[in-house]
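[1] Give the three-dimensional model of this entry:
(4 chains)
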There are 4 protein chains.
Amino acid sequence: MNSKYNLPALLIVFLIQLSGLFNNPATGMINRKRKIINDPVHGFITIDDPLVSDIIAHPYYQRLRRIMQMAFAHLVYPGAIHTRLHHSLGAYHLMCMALSELKSKGVEITPEEETGARIAILLHDSGHAPFSHALEKILIPGMHHESISLLMMKVLNEQYDGKLTTAIDIFTNKYPKRFLHQLVSGQLDVDRLDYLTRDSFFTGVSEGVIGYDRIIKMLAVHNGDLMVEEKAIYSIEKFLVARRLMYWQVYLHKTVVAAEMMLVNIVKRAKELISNGANVSSTSHAFDYFLRNEVVMAAGPQFEKFCLLDDYDVMATIKNWMDHDDMILSTLCRFLIDRRLLKVKLRGQPFDDALVADMRNVICKKLNITEAESRYFIFTGEAENTTYDPSEERINILFKDGSVKDISQVDNALIHQTLSTPVKKFYICFFNA
Amino acid sequence: MNSKYNLPALLIVFLIQLSGLFNNPATGMINRKRKIINDPVHGFITIDDPLVSDIIAHPYYQRLRRIMQMAFAHLVYPGAIHTRLHHSLGAYHLMCMALSELKSKGVEITPEEETGARIAILLHDSGHAPFSHALEKILIPGMHHESISLLMMKVLNEQYDGKLTTAIDIFTNKYPKRFLHQLVSGQLDVDRLDYLTRDSFFTGVSEGVIGYDRIIKMLAVHNGDLMVEEKAIYSIEKFLVARRLMYWQVYLHKTVVAAEMMLVNIVKRAKELISNGANVSSTSHAFDYFLRNEVVMAAGPQFEKFCLLDDYDVMATIKNWMDHDDMILSTLCRFLIDRRLLKVKLRGQPFDDALVADMRNVICKKLNITEAESRYFIFTGEAENTTYDPSEERINILFKDGSVKDISQVDNALIHQTLSTPVKKFYICFFNA
Amino acid sequence: MNSKYNLPALLIVFLIQLSGLFNNPATGMINRKRKIINDPVHGFITIDDPLVSDIIAHPYYQRLRRIMQMAFAHLVYPGAIHTRLHHSLGAYHLMCMALSELKSKGVEITPEEETGARIAILLHDSGHAPFSHALEKILIPGMHHESISLLMMKVLNEQYDGKLTTAIDIFTNKYPKRFLHQLVSGQLDVDRLDYLTRDSFFTGVSEGVIGYDRIIKMLAVHNGDLMVEEKAIYSIEKFLVARRLMYWQVYLHKTVVAAEMMLVNIVKRAKELISNGANVSSTSHAFDYFLRNEVVMAAGPQFEKFCLLDDYDVMATIKNWMDHDDMILSTLCRFLIDRRLLKVKLRGQPFDDALVADMRNVICKKLNITEAESRYFIFTGEAENTTYDPSEERINILFKDGSVKDISQVDNALIHQTLSTPVKKFYICFFNA
Amino acid sequence: MNSKYNLPALLIVFLIQLSGLFNNPATGMINRKRKIINDPVHGFITIDDPLVSDIIAHPYYQRLRRIMQMAFAHLVYPGAIHTRLHHSLGAYHLMCMALSELKSKGVEITPEEETGARIAILLHDSGHAPFSHALEKILIPGMHHESISLLMMKVLNEQYDGKLTTAIDIFTNKYPKRFLHQLVSGQLDVDRLDYLTRDSFFTGVSEGVIGYDRIIKMLAVHNGDLMVEEKAIYSIEKFLVARRLMYWQVYLHKTVVAAEMMLVNIVKRAKELISNGANVSSTSHAFDYFLRNEVVMAAGPQFEKFCLLDDYDVMATIKNWMDHDDMILSTLCRFLIDRRLLKVKLRGQPFDDALVADMRNVICKKLNITEAESRYFIFTGEAENTTYDPSEERINILFKDGSVKDISQVDNALIHQTLSTPVKKFYICFFNA
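    Predicted coordinates:
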C-alpha cells in the first residue's frame, strides 16, 4: 500500500527506526490495538479491532472526512456540517452496541461475524459522491452509491487478503444469518438510528431525537429475522414520526432543495457547455474527469479517480466559475456561493404549466436566452416521502407470547394504512434577485 | 451592492416583480424583520435587526461559512468541523443576552449602542484567513486578523452609509462606554464564552463546558468597567480551568499541532518553489495571488481577493499538489490529505540540538535533500499557554460591599500567582512512515 | 400574614432591625426584586415581579415542594421525584417566554395582564392533593383540584388586596383576551409544554422530548385565539406523539398504575375501618381530618387543613400502618413501602368476570376474608387515553395566507380521525407473593 | 425472608400459582435475570446479576428511596430531590463500566470479584440516616454511616448464605486486590464520580459536570493500585475544581447550611425537652426510639428500627410539631416547613464573640428565653473544605514511561501546595422575620 507514496523504500525503513527512538513499544502496541474517539453524539467510540483500525486509516475511508453528510442543509441549519466519516463511525458504534446486546440475549454471533458486520456498516456509505445524493445521478449516472460502496469493499478485500469476505456477504445479504444484513440495511438498521440522531444533533432540531438506545436494548432475533420487543412499540412510533419530521423540516426543506438544485444545474450547465466545446475546466483533475466522461465504474484508474473526489473539488471549482464567461454558469455559481438562493414555493398541487411557460418567456426576453436556458433559472419538481411503507420493508414486533406483527397491524397503531402512501409535494424554483 | 452580480438592471427589476407574484407582502415583511436560526448549542438565535440581517447576508460574512473554526482539530475530534460563521452567530446571541441582562440591572444602553455591539461581535473574527491562526502569519505576514476585521468593517461602513460607525468605535475601544468593548474583547468577552462552549460541544470534550449562562447572569458594570458579581467566583475559576484544559487537550493537542505545521510547511515550500521560479500554481486565483505576493492589505482589489479566500481554495490546491514534481511538496500534501501525520513528541524541556541535527543529517543523505529542505520533515517548536495573566487583562470581582478585587487576589483563590506564568512545552515533529 | 407565626410583634420588629445590621440595603433591594433559580430543565428561571416573589414564598405555594409531580412513577423511573413546585416554576418560565414572544410579534399585552397570566399558571395546580390524581377522588370527593386551585387564588386575592383579580379572570376564562386563558389551559398551554418536557427529563425517557422552544417561537394570536404558525405542524405532530408515548410508557405504566391503586385501596380500607369504628388514625392531623370527614371545601378551617396536607403525611402514616392489626391494611401498606407491588396484566380486551370471581373465591377461602375484602387484592380496571380529540379542544394552524385549519384537517396529517377515538386498555391487578 | 410479612404460608404458595396463570415462564426468567432501569444521568442501567437484583429488591435497599441524597439543598436548587437509591444505582453502573474497562486493558478480575465490587458500591451508603450527614451525628452519635453500611452488609450476608463475603472484604479493604477497594472508596472512586455528576445534573449547576466517562476510560492498575493515565491529567484537574465549586456553591451554600442547622436544632430541642420530661413524641415509632435513646447500633431490634427510619418520619414529625406548646420548637418547625429560613452571613474571619453575645442578649429579653435557648436562634459555626489533600489520599498519574507521580507533583500542576490547606469559612445564623 505504500507504493503510491513516492518515497524510497530505504527512507521508509529509516523513518520507522527513527520513530522507534521515541516510541515506547509496549505503549505503541496498546495504541495500535485500541483507540478512543470523542463523539459529541455517542460519547466515546472505541476501536479495538486491528482490521477496523486499518480500514479507518485507509485513504478511501479518510476521503469521507471531506464529504458533508447533509450537503447544503447547513445553509439553513448552520451546525449541519458533519461528515460522512463521522456518521459512519457513529453507525459503527451503534453496531457494536447492537451486537453486544443481542449476544447478551443469547443470539449466537461469532467474532468473525462481529468484525464482518462492523466493517459492512463502516463502509456502507463509502461510495457516496461529493454532496451525496444531489450529485450522484448526474456525476455517475446509472450507478447507485451502494454499488460503489460494494466495489470499494471488493478492492479493499484484495488489499487485505480476503479479510472482508464476510463483510461483503453481509452487505449483499448473502450471509445466512439475515439479521446481520438487516442491522446494516433495513427499516431498523443502525445507519438510520445514527443518521437521524446525528442529523438532529447537528442541526439542533431537537424534535428529531429518537430513543436509539432504547430501540437497541429492545432488539431481538426471531426465526432469523431482526425485530423489536413489544415494549418498544411507542419508541418505534416515535422513530417513524421523528423521521417524517426530519424529512419535511430538514432534508426536504425548500431552501435546502433550492441550493441542491442549483448545484445540479451548475454541473448540468458545465457538462452542456463542455459538450458544446466551450472552455470549462475544473481545477480538480478528478472532477474534470467525471465532468467530461460518462464513466462506467469498475476497479482501475477511473475508480482511483473517484476515490479522490470530494466536496472540496466541487466547491473550489464553483468558486472559480463565478467569473466564467457564460452568464448562466457564472450567475448560478455566484448566487450559490453568496447564498443568494433561488426562491422556492412548495405546495400540495402541481404548478400550472402555462404560468411556468409565461414566466420563462419573460425571462428569455429580458436575458436574451433560449427557452431551454431559462430552465436553469425557473423550474419545477417534486419532493416525496413515505412515513412507513410496510410493503417494502417491515418493522416486526415480537410479542411476549411469541407472536409477530407488523407495526402497522398492532392494535391502536399510530402508523396506519394512510401513512404508507407517499406524500408528494410540488415545488417551483425561480430567481428572487 | 448588486453591481457585481452581472445581471442587467432590468432583469433585477423583473425578478423582484416576479417574486411578488408569490409573496405575501405582510409575511414577507415579518420575515425580513425577524429570523430564527437553529443552533444546537444555544437553541434558537433570533435576528430582529434589519442591519444585522443585511450584514449576515453579505458575501463577506457568508465567506465565514467556508472557514472552519478549529482548522485541523477535526483530525483528532471528528465533530469539530463547525465554521467561523456559526461561532460568530453564537457570540452575537450571547451579546444579545448580555446586553439584555445588563439593561435589566439598570445599566443604560441605547438601541444604537445595542446594534453597534451586536455588529462589532458579529464581525470581530471576519478577517480570519483560511485555517485561521495557522496560515495567518505566512499568508498575510505583518497583519493581524483583527486589523483585517477592522478593515472589513470600514469597507462595509461605506456600503451602509456610516451605519457601522458605533460598531467600529466599540471594536477599537474608542467608544466612551468601555464595557461595550470589553464585551467584545476582554477576559470575559462573549467571544470566549461562545468559542469555549461551542468547541467543547462539537469536539465532545464535555469537560470544556463552562457556565456561560451563569456568568452572563452575573455580569455587572461598575465605574464604567465590566465585572462579575461575587457569586460568580467559582464559575470564573471553572471558566479559566476549562480554558486551560481546552488549550492543552484540544487546541494544542500534539496531533493537531502536527497537522497545522504540515500545512504551514506546505505553503512555505510552495512559496519557496515559486520564488525559485518553479511551476507551482494554485487553482484558486485568490490563493495564487497571496502565494505570489507579499500583500499590504488595504481597501481595494487585494482586499476583494482576500474576501474570496477560504478553506476550499487551500484544500483543493493541496489535493492537486499531491502529484507535484517536487518530492517535498507532494509528500507533505499527500500525507496531510491521507491523514498520515507527522509524529510529534511533546515535553517540558527543549530537545537537544545535536540530536536534531543528527536526525536531519541522516534524512538528508537518504533523501538526497539539503539540510534546509530536511527542516520540512524534522523540526522543533514551542507551544505556550497562560492560564490567567492578571498583568494583561483582569477579571474583576464586584463584592456586595462595593469593593472590587482581581480574581487572583480573592481569598483562597484557585487562580494564583504561579498560574500567571506561561506554561511552555517543546515539541519535535518528524516522519513516522 | 405574619399573624399565624406566634411571635410577639415586638420581636419581629427587633429581628428586622437585627437583619439590617448585616444587610446592604441596596443589594437587598436588588435581591427582593430579582431572583434567579437554577432549573436543570430550562436553565435559569428569573423572578423579577414582587407579587410573584411573594406568592412563591407563601406557605400555600411552598407546600407544593412536598407533593411529587408524578406520584409513584419513581418506583419505575427512579429519577421521577420532581415536585409540583418545580413544575409550576417551569410552567411560569415558559409563560414568560410565550408572552415575550407574542409581544415581539405585535400582540398587545399589558404589564398587568402579564402578571395575571404568570400568577394564573404559577397557581394552576396549587389545589392538588398529595399524590396528585390518585388520591384526589377519594380524599376530596366531588371537588376537582382545579376548583381548589381557584379557591386558593381567591383566598390569596384577599390577602393581597385584590391583586390576583386578573389572574383569576384569566384562570376562569372570563378575561376578554381568550388567548391568555388558552396559554394557561388549552391543547397547547405552557402547563403541558412544561410537564411533558420535565417528566421526560426526570424519567430519562428521552423520547418524550418535545420541541417546546420551537412551539413557543411559533405561537400566534389570530382573531383572539391562540394558534401556531404553519411551520410548526411537524412539531405539533411530534408533541402529540410524544404525549401519547408518555401516557402509555410512563403515566399509565402498569407498575405505576398498580402502585397507585394500592395507595387508593389503602385509603379506602382505612376509611372503611374508620366507618366501622376501628382504631385507625393518621399521625397527621390534617390527613386524619380528611380520612374522617367528607369535606365540602370552602375558605376557612378545612381549607387551612388542606393547605397542610402533603405526601409526607400520607407516607409516614402508611409506614405506621405497616404494623396495624387489620391484615388487609397492614399487608397493603407493607407491600407498598417495600415495593412488593401488585402484579398487573394489561390488555386490549376486558378480563372475564367468571375468572376474576374464581380468583377471588380462592383467595377468600385461603385468607378467610369476605368477597368484598378480596377486592383489595384482586381487581380490574381501565386505563384510557386519547391522542388527540378535536371535538374537545382544537389545535389551530395559522397558514401564511391567513387561513386556519385544525391540525387533524391539514393535508397528509399524521393526526387523523382514528386517533381521536380514546384507546382503552383493561388491567387486572393481583398479588404475586 | 418472607416471615415478616404476616401472610399464611399457604397463601403465598397460592399467589405464586396464580401469578403463573398469566406469566410466560420463559419471559419471566429473562426478566428475573436482566432488568433495565432508565436513568436520566447515565441512560440505561442494566442489572443482570440475580444477587444484585435480590439486594435491590430488599426492604433495606428500598429504604434509600425515601432518603434524599442532598437533604435540604432542594430549598435552593429545586431539582435536587434525587434519592440515595438513585445515586447508588448510578455508582453501581459506573462500577460496571470501570471493571469492564480495566478488564479490557488486561487487568484480571474474576466474576466473583466483579459481583463483590458491585455489591460493595451498591451498599456503600446504605447506612445513611435520614437527611444524611446533617442528622447522623445527633441521631446516632458515635457511629459513622459507613459502619452502619458495614453492619447492614453483614446482616445481609447472613440472609444470603455468605454470598456478600467478597463485597465485605472489598469494602473494608481486606481484599488483596487493593484497587477494588479504591474503586469503592478513594480519591477517584465511582461514588464521587457519580455523586458529582448526579448532583450537578439535578441541581442544574452545569459547571459541576466532570468528565467521568473520560476518567473511567483512563483508569489503570499499576503495582496493585488504581491510578489514571497521563492523558487524564486535565480531566483530573477539572474534576477537583468541579468538586471545589460544588462544595462552595451547592453543598455549603449558606441557605442550605441554614436549613440543615435548623433541622439539627429542632432535633436538639426535641431531645432537650424529652430529657426534661416534656411531652414530645414523634408519630414514627422508629424516629421516637432514636429521639429517646442513645443507641449503640448492632444487629437486632434497634438495627431493624434504624432500617425503617427515613426522611418521611422526620418531616411528618416536624409538621406536627409546628403546633407544639414549646415556642422554640414550634417556631423552628414552622419556619423550616414554610421555608422562612435563618438568615446567614458567611465570611473568612470568625464573628466577634461580644457582638454575638449582644445579639443573644437582646433576643433573650424580647422573647423571655434563657441565653442557652437563644442559641437555637442565633449561633455561629464553620464550614470547611479542602480542594485536594495529598497527605490523606493521593491521585496517582501513570506516565507512559511507567513512572508514577501524585497529581500535585506534576509539572505546571494547577493543583498545588496551597490547595491542600483546608479553606475555612465562618458563618452566623440568625432570624430575619
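[2] Just say helix, strand or coil for A:D199.
    Taken by DSSP: H, G, I helix; E, B strand; the rest coil, the conformation at A:D199 corresponds to helix.
[3] Looks like it contacts A:M68 (just checking).
    No. Counting by CB atoms under 8 Å, A:D199 does not reach A:M68; the two are 11.2 Å apart. Bear in mind the C-beta positions are built from the backbone N, C-alpha and C, glycine included.
[4] tell me, what's touching those two both at once?
    A:80, A:82 (CB atoms under 8 Å, 6 or more residues apart in numbering or on different chains).
[5] what's in contact with the helix or strand containing A:L180?
    For A:L180, the host element (DSSP states H and E) is helix A:178-184. By CB under 8 Å, 6+ apart, the surrounding residues in contact with helix A:178-184 are A:95, A:98-99, A:102, A:107, A:109, A:113, A:116-117, A:120-121, A:124, A:170-173, A:175, A:188-191, A:221, A:224-226.
[6] So which of those residues are in strands?
    A:221, A:225-226 (DSSP state E).
[7] ok, so of those residues, who is nearest chain B?
    Checking the ones in strands among the contacts of helix A:178-184 against chain B with CB to the nearest CB, the nearest one is A:L226 at 28.0 Å.
[8] what's around the residue in the stretch 301-433 of chain A that chain B sits nearest to, how many residues?
    Residue nearest to chain B within the stretch 301-433 of chain A (CB to the nearest CB): A:A316, separated by 3.4 Å. Residues lying near A:A316 (other CB atoms under 10 Å in any protein chain shown) number 29.
[9] was I right about it contacting A:D288?
    No. At 11.9 Å, A:A316 does not count as touching A:D288 under the criterion of CB under 8 Å.
[10] And the lowest mean pLDDT element among the helices and strands of chain A?
    helix A:25-33 (a mean of 39; mean pLDDT, DSSP states H and E).
[11] can you map out the helices along the stretch 101-250 of chain A?
    Counting by DSSP state H, counting those that start in this stretch, the segments of the stretch 101-250 of chain A that form helices are A:111-122, A:133-139, A:145-159, A:165-171, A:178-184, A:190-203, A:212-217, A:233-246.
[12] which of these has the lowest average pLDDT?
    Note on these: helix A:133-139 shows the lowest mean pLDDT, a mean of 85.
[13] to the chain's geometric centre, what's the distance from it?
    Chain-centre distance of helix A:133-139: 12 Å, with CA atoms, centre = their mean, to the nearest Å.
[14] I would like the residues contacting it, please.
    A:71-72, A:128-130, A:144-145, A:260, A:263-264, A:267-268, A:271, A:290, A:309, A:314.
[15] That helix: which residues count as buried?
    A:134-136, A:138-139 (16 or more other CB atoms under 10 Å in any protein chain shown).
[16] Out of those residues, which is nearest to D:L342?
    A:A134 (66.3 Å; CB to CB).
[17] I'd like the distance between the closest one and A:V264.
    Noted for A:A134: a distance of 6 Å to A:V264, by CB to CB, to the nearest Å.
[18] wait, what's in contact with the nearest residue to A:W321 once chain neighbours are set aside?
    Leaving aside its chain neighbours, A:W321 sits nearest to A:C333 (4.3 Å; criterion: CB to CB, 6 or more residues apart in numbering or on different chains). Contacts here follow CB under 8 Å, 6+ apart; on that basis A:C333 touches A:266, A:318-319, A:321-322, A:324.
[19] if we can go back for a sec, return the members of the contacts of helix A:178-184 classed as buried.
    Applying 16+ other CB under 10 Å to the contacts of helix A:178-184, the neighbour count classes A:95, A:98-99, A:102, A:107, A:109, A:113, A:116-117, A:120-121, A:124, A:170-171, A:175, A:188-191, A:221, A:226 as buried.
[20] elements contacting the helix or strand A:R269 falls within?
    Element membership for A:R269, per DSSP H and E: helix A:254-275. Helices and strands touching helix A:254-275, as assessed by 3 or more CB pairs under 8 Å, 6 or more residues apart in numbering or on different chains; DSSP states H and E, comprise helix A:133-139, helix A:285-292, helix A:311-321, helix A:327-337, strand A:343-347, strand A:379-385, strand A:423-430.
[21] and the stretch 201-350 of chain A, which of its residues are near chain D?
    A:213-214, A:217 (CB under 8 Å from any CB of the partner chain).
[22] Just give me the neighbour total for A:K35.
    15.
[23] excluding its backbone neighbours, what's nearest it?
    A:I47 is the one closest to A:K35 (CB to CB, 6+ apart), at 4.3 Å.
[24] residues contacting that neighbour?
    Applying CB under 8 Å, 6+ apart, the residues near A:I47 are A:34-37, A:53, A:56.
[25] And it, how far from chain C?
    From A:I47 across to chain C, the span is 26 Å (CB to the nearest CB, to the nearest Å).
[26] From chain B, how far off is that residue?
    12 Å.
[27] Can you pull the phi/psi pair for that residue?
    Main-chain torsions, A:I47, degrees, to the nearest 10: phi -110, psi 110.
[28] same thing with A:H42?
    phi -110, psi 0.
[29] In this structure it contacts A:H93, no?
    Yes. Under the criterion of CB under 8 Å, A:H42 makes contact with A:H93 at 5.1 Å.
[30] In terms of neighbours, single out the busier of these two.
    Ranked by neighbour count (other CB under 10 Å), A:H42 and A:H93 place A:H93 first, with 23 against 20.
[31] Number of residues surrounding the residue of chain A found nearest chain B?
    Chain A approaches chain B most closely through A:T283 (2.9 Å), counting by CB to the nearest CB. Residues near A:T283, counting by other CB under 10 Å, number 22.
[32] And for A:V410?
    Neighbours of A:V410 using other CB under 10 Å come to 18.
[33] how near is it to A:D401?
    14 Å.
[34] Also A:K174?
    33 Å.
[35] what do you get for A:H145?
    42 Å.
[36] neighbour-wise, which of the two wins?
    A:H145 (17 against 8).
[37] List the contacts of the more buried one.
    A:125, A:127-129, A:132, A:136.
[38] rerun at 7 Å
    If a contact means CB atoms under 7 Å, 6 or more residues apart in numbering or on different chains, then A:H145 has A:125, A:127-129, A:136 as its contacts.
[39] Excluding covalently adjacent residues, which one is nearest to it?
    A:G127 (4.3 Å).
[40] Residue numbers of the stretch 201-350 of chain A in contact with chain C?
    By CB under 7 Å from any CB of the partner chain, the residues of the stretch 201-350 of chain A that approach chain C are A:206-207, A:209-211, A:214, A:234-235, A:237-238, A:241, A:244-245, A:248-249, A:348.
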